[in-house]
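> dropping a prediction and its sequence here:
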Amino acid sequence: MSTLLRLSGVTAFYGAIQALKGVDLEVNEGEIVTLIGANGAGKSTLMMTICGTPRARHGAIVYDGQDITQLPTYQIMRRGLAQSPEGRRIFPRMTVHENLLMGAHGHASGMVGETIEQVFALFPRLKERQAQRGGTLSGGEQQMLAIGRALMSRPRLLLLDEPSLGLAPLVVRQIFGAIRDLNRSTGLTVLLVEQNAFQALRLAHRGYVLVNGAITMAGGGAELLARPEIRAAYLEGGH
Amino acid sequence: MKLASALRDAALSALVAFGLFVALIGLHLVPTDSGLILVGRPWALVLIVAAVFVGRLAMLLWLHVRPAGTATPRRLAAGMTRAGRYVAPVFLVLALTLPLYGGRYMLDTGILVLTYVMLGWGLTIVVGLAGLLDLGYVAFYAVGAYSYALLSTTWHLGFWTTLPVAGLLAALWGIMLGFPVLRLRGDYLAIVTLAFGEIIRVVLINWTSLTNGSNGITDIPRPTLFGLKFNASGDPDSFAGFFHLDYSITQRFVFLYYVILALALLTNWVSLRLRRLPLGRAWEALREDEIACRSLGINVTTTKLTAFAIGAMFGGFAGAFFATRQGFISPESFNFMESALVLSIVVLGGLGSQLGVALAALVMIGGTELFRDFAEYRMLIFGLALVVMMVLRPRGLVAGRTPSIALGTRREIAAELVAEGRG
Ligand SMILES: Nc1ncnc2c1ncn2[C@@H]1O[C@H](COP(=O)(O)OP(=O)(O)OP(=O)(O)O)[C@@H](O)[C@H]1O
Ligand SMILES: [Mg+2]
């Protein structure tokens, strides 16, 4: 397995506040890797730093063998990364179809029709609602749209920030199922940030635990699930 | 029961109106030979206070008898959007045939209205589509006007050769404004653009060697039709002489009218085209959520700058037209009031609705022309109209957003639903 994304010693700051304190992390081609941690640990910051805002102050981010640490965001996103950001951030006044088209922005237009059909095959709900305004979708549908929109650029690496946020267990299962299917059928590599540690670790091949801007634990998904300190800190009562 | 409280409320409103207008309207300064004297206008005051009382009472009673629920405005909105499909072609035909039925005064007003329609459509790109609140749009209008005025009076370049140059120069200034404000949004952006508009005007006043300061530039050449001038000389290179017609000044007005109509329609066509292109969709996305745009790999910098540049370009075109129509320009034509006027047209029109902007320009510019005799109260009527609009239709005359790409049946998104979104 080759390494698709490697972070070494990455730090990031918001003004004087240090949000990442030297993060080392690797994602191999074809893997689902999950990043778990408490509120404010820096998970979203890590995802955003990979995309270049905020920019990493120290360390290096290497994607597909190339150093992308200093590239502007829009160039990073053209190299086969896509992100479904925290809080979904779909365009509320645009239709589902238009939202999806935004995901293909700046990419060759030849494949757009075909890619949309693939997204619709993955989330049939979106097809039914393609003429509906994004802001009027339910939470679960919005999350599907956010993932679908990210898939529109036909990425090799998908960054998902808390896709289960605020969703009913049934919908969470549906979305995690879609991620698993994508990974199995197309070999899509996924870096998944989750609060829902139990489900995320069951889905992922490997996992990292982020505490206060630094990685404190890493290992296979099942292996982390079995550790008592993980159970105590992240799985208390929350299945 | 209800009537008593409504009466009390209306009386209170009348009292407030009295307090407000007792000095504003009730007292009037009249200049005489021996200086200013103060005269009372009790009847005007009584009239206003009575109007407020009756108006408030009528509004309260209407609210009371109206069937419950929000059904009325929603049906109204749907009706208006449906009507919009027929209104636009009708207006287009009316506009195209205006010279057939309108006299010179109508033509002149039409030219003025169309100038503002064009400015409104240009600003809609920046404010309506890209969501960048620009309070200094008049700066680009000024740049276009001065570009044409200076190029034509110093180098004797014609209107049609200078028009693209004026547009380009304005676009360039649009980018110059765009760079420093890339990171700003909302109020901060509005303040900087406002200052930008004022700076341009102050420079125009003080750079006397180039712009002739506040005296302005006179004798700006009129536009020609394929080289044919509009004058009474009867020469073969004049319109009347070439076609062996009797000269009439109306010919020039008709020509100017069609020039601005064509320019305005061009603006409309370009913005409608752009909306369907990835660039236009990126503008709309930017208005909705900048962070999402970044995460999708949209180059936010160039997207914003192109919005400023293209919006400014149309402002520049309109400015060049203004200069050639007037034959005279001075910095005073480009004060903040103009920016405010164009912005109100865009806002009244419903932020992004092409038809709405045209209607708003017609109401605001044509309306104030109509009420010429009440010139004193123009701003009052103007402000009142804005307030009434914001109460009755807070999302503009023709609110609602048509999807830029239709799937099967095109569905209009009603204004009332838009209010629920995050946008
Ligand atoms: N734009 C910002 N400006 C300043 N500080 C920020 C900003 N964004 C995040 N932070 C701070 O950085 C730290 C990490 O935030 P981050 O959003 O990465 O946490 P998280 O792990 O994603 O948390 P959650 O699980 O709640 O989403 C927090 O202390 C937060 O307050
Ligand atoms: Mg987060």
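Looks like it came in fine. Numbering: from 1, shown residues only, chains lettered A, B, ... in the order given. Ligands and ions are numbered 1, 2, ... in the order given.
> nearest residue to the closest residue to ligand 1 within the stretch 151-300 of chain B other than its sequence neighbours?
Using CB to the nearest ligand atom, the closest approach of the stretch 151-300 of chain B to ligand 1 is made by residue B:291 at 9.9 Å. Any C-beta I mention is one placed from the backbone N, CA and C, and that applies to glycine too. In space, residue B:291 comes closest to residue A:89 once its chain neighbours are excluded; the distance is 6.1 Å by CB to CB, 6 or more residues apart in numbering or on different chains.
> sec struct for the one you found, please.
Judged by DSSP: H, G, I helix; E, B strand; the rest coil, the three-state class of residue A:89 is coil.
> pLDDT value on it, please?
Predicted confidence (pLDDT) for residue A:89: 94.
> next one: residue B:65
With respect to pLDDT, residue B:65 has a value of 72.
> ok, it to residue B:59 distance?
Between residue B:65 and residue B:59 the computed distance is 11 Å (CB to CB, to the nearest Å).
> neighbour-wise, which of the two wins?
Taking other CB atoms under 10 Å in any protein chain shown, residue B:65 and residue B:59 do not tie; residue B:59 has more neighbours (15 against 7).
> from the chain's centre, how far out does the strand or helix carrying the more buried one sit?
With elements delineated by DSSP states H and E, residue B:59 resides in helix B:42-65, which encompasses its position. Taking CA atoms, centre = their mean, to the nearest Å, the mean C-alpha location of helix B:42-65 is offset from the chain mean by 31 Å.
> give the buried residues for that helix.
By neighbour count on 16 or more other CB atoms under 10 Å in any protein chain shown, the buried set for helix B:42-65 is B:45, B:48, B:49, B:52, B:53, B:56, B:57, B:60.
> avg pLDDT for stretch A:94-112?
Per-residue pLDDT over stretch A:94-112 has a mean of 90.
> show me which positions of it end up buried.
Buried, per 16+ other CB under 10 Å, within stretch A:94-112: A:94-107, A:112.
> likewise for stretch B:319-334?
So for stretch B:319-334, counting by 16+ other CB under 10 Å, buried means B:319-326, B:329-331, B:333-334.
> residue contacts, residue A:193?
With contacts defined as CB atoms under 8 Å, 6 or more residues apart in numbering or on different chains, the neighbours of residue A:193 are A:34, A:35, A:36, A:43, A:44, A:46, A:47, A:86, A:159, A:160, A:161, A:162.
> one more pass at 7 Å, please.
Residues near residue A:193 by CB atoms under 7 Å, 6 or more residues apart in numbering or on different chains: A:35, A:43, A:44, A:47, A:160, A:161, A:162.
> name the SS class of it, please.
Applying three-state DSSP: residue A:193 is strand.
> not counting sequence-adjacent ones, nearest residue to residue A:123?
In space, and not counting its chain neighbours, residue A:123 is closest to residue A:144: 4.2 Å by CB to CB, 6+ apart.
> residue A:125 is in contact with that neighbour, correct?
Yes. Counting by CB atoms under 7 Å, residue A:125 is a contact partner of residue A:144 at 6.1 Å.
> so the two - more neighbours on which side?
Set residue A:144 next to residue A:125 and count neighbours by other CB under 10 Å: residue A:144 wins out with 27 against 18.
> assumed residue A:4 was part of a strand.
Yes. Counting by three-state DSSP, residue A:4 is located in a strand.
> report the buried residues of stretch B:250-259.
The neighbour-count check on stretch B:250-259 (16+ other CB under 10 Å) flags B:251, B:252, B:253, B:254, B:255, B:256, B:257, B:258, B:259 as buried.
> check contacts around the last one.
Right, residue B:259. Each residue near residue B:259 by CB under 7 Å, 6+ apart is listed here: B:223, B:321.
> please report how far it lies from residue B:325.
In terms of CB to CB, residue B:259 sits 9 Å off from residue B:325.
> mind listing the strands for the chain?
You didn't pick a chain, so chain A it is. Taking DSSP state E, the strands of chain A run over residues A:3-14, A:17-28, A:32-37, A:58-63, A:66-67, A:81-84, A:157-161, A:189-194, A:206-211, A:214-220.
> wrong chain, I was asking about chain B
Going by DSSP E, chain B shows strands at B:27-32, B:35-40.
> need the residue closest to the centroid of the chain.
The chain I'm using is chain A. Centroid check for chain A by CA atoms, centre = their mean gives residue A:160 as the closest residue, at 1.5 Å.
> other chain: chain B
residue B:342 (2.9 Å).
> so which of the buried residues of stretch A:94-112 are in helices?
A:96, A:97, A:98, A:99, A:100, A:101, A:102, A:103, A:112 (DSSP state H).
> can you report phi and psi for the closest residue in space to the second one that isn't next to it in sequence?
Nearest residue to residue A:97, sequence neighbours excluded (CB to CB, 6+ apart): residue A:130, at 4.5 Å. For residue A:130, the backbone dihedrals are phi -70, psi -20 (criterion: degrees, to the nearest 10).
> wait, isn't residue A:130 in contact with residue A:94?
No. Checked against CB under 7 Å, the pair residue A:130 and residue A:94 is beyond contact range at 11.4 Å.
> mind checking how far residue B:20 is from ligand 1?
To ligand 1, residue B:20 is 45 Å away according to CB to the nearest ligand atom, to the nearest Å.
> count of neighbours near that residue?
Residues near residue B:20, counting by other CB under 10 Å, number 13.
> in the worst-scoring helix or strand of chain A on mean pLDDT, what counts as buried?
None of the helices or strands of chain A scores lower by mean pLDDT, DSSP states H and E than helix A:228-234, at a mean of 84. For helix A:228-234, burial by neighbour count (16+ other CB under 10 Å) applies to A:230, A:233, A:234.
> from chain A, which residue is nearest to chain B?
Residue nearest to chain B within chain A: residue A:77 (2.7 Å; CB to the nearest CB).
> what residues does the closest residue to that residue other than its chain neighbours make contact with?
Among residues not flanking residue A:77 along the chain, residue B:297 sits closest, at 2.7 Å (CB to CB, 6+ apart). Contact analysis of residue B:297 by CB under 7 Å, 6+ apart lists A:74, A:77, A:78, A:105, A:106, A:153.
> now do residue B:106
Shown in contact with residue B:106 (CB under 7 Å, 6+ apart): residue B:98.
> distance of it from residue B:98?
As for residue B:106, its distance to residue B:98 is 7 Å (criterion: CB to CB).
> and residue B:50, how far is that from residue A:171?
61 Å.
> with residue B:209 instead?
Distance, residue B:209 to residue A:171, by CB to CB: 70 Å.
> does residue B:348 touch residue B:360 like I think?
Yes. Residue B:348 is in contact with residue B:360 according to CB under 7 Å; the separation is 3.9 Å.
> higher neighbour count, the two?
Taking other CB under 10 Å, residue B:348 and residue B:360 do not tie; residue B:360 has more neighbours (27 against 24).
> gap between that one and residue B:262?
The gap separating residue B:360 from residue B:262 is 21 Å, by CB to CB.
> report pLDDT for residue 70.
Went with chain A since none was named. 94.
> oops, chain B please
Predicted confidence (pLDDT) for residue B:70: 46.
> so which bits of chain A are right by ligand 2?
Residues of chain A found near ligand 2 (CB under 5 Å from the ion) are A:43, A:44, A:86.
> looking at these, which is nearest residue A:6?
Nearest to residue A:6 among those: residue A:43, at 17.9 Å, using CB to CB.
> and the contacts of residue A:193 as CSV, adding pLDDT?
Output for those, formatted as CSV (pLDDT from 0 to 100):
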residue, pLDDT
A:35, 96
A:43, 96
A:44, 95
A:47, 96
A:160, 96
A:161, 96
A:162, 94
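> which ones, among those, also lie beside ligand 1?
Checked against ligand 1 using CB under 6 Å from any ligand atom, the contacts of residue A:193 yield the following neighbours: A:43, A:44.
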